[in-house]
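Engineer: coordinates only, no sequence provided:
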């Protein structure tokens, strides 16, 4: 049971959250506006969750550029990646099929050196969060 999801706000800076999966894992959340400093954290990264707002078509191109930049970073060459298409609780969200097409995910996955998984989520209502935790458990096995 995940309990009630927290209130959601865009991440402006850095947030740290500790999870037990069953071992303690620290999740560092860096907002999109923090993109210029992301590389300073790559060497500490064991798994990467890349969150995309699936309800905002105006941000697709910038999200795709950021994703390509992350995937091409040498320190992340073998780090497992989970792309989360979030906000599927909103009536205007784009489906996983639409997002995969807009991002050209088939091309990205075929060229990437790291394993990539994609999920639809809603941080607000909790949809998909159990799958995210399971992915983390699998990706971070000792």
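Structural biologist: Great, that's in hand. Given the structure is predicted, the values throughout are model-derived calculations rather than measurements.
Engineer: per-residue confidence at residue 123?
Structural biologist: Residue 123 carries a pLDDT value of 88.
Engineer: what do you get for residue 28?
Structural biologist: 88.
Engineer: how about the nearest residue to it, chain neighbours excluded?
Structural biologist: Once flanking residues are discounted, residue 28 sits nearest to residue 16: 5.7 Å by C-beta to C-beta, 6 or more residues apart in numbering. C-beta here means a position set from N, CA and C on the backbone, and glycine is covered the same way.
Engineer: shouldn't the one you found be in contact with residue 27?
Structural biologist: Yes. Residue 16 lies in contact with residue 27 (C-beta atoms under 8 Å); the separation is 7.2 Å.
Engineer: tell me which of those two has more neighbours.
Structural biologist: residue 27 (12 against 8; other C-beta atoms under 10 Å).
Engineer: quick one: which helix or strand includes the more buried one?
Structural biologist: Per DSSP states H and E: residue 27 is located in strand 24-30.
Engineer: before we move on, back to that, for the residue nearest to residue 28, helix, strand, or coil?
Structural biologist: Put simply, residue 16 is strand when judged by DSSP: H, G, I helix; E, B strand; the rest coil.
Engineer: need the contact list for residue 127.
Structural biologist: Going by C-beta atoms under 8 Å, 6 or more residues apart in numbering, residue 127 touches 88, 89, 120, 121.
Engineer: check the third one and give its pLDDT.
Structural biologist: I take that to be residue 120. pLDDT, residue 120: 95.
Engineer: list the beta-bridge partners for it.
Structural biologist: residue 85 (DSSP bridges).
Engineer: ok, so what distance separates it from residue 105?
Structural biologist: 13 Å (C-beta to C-beta, to the nearest Å).
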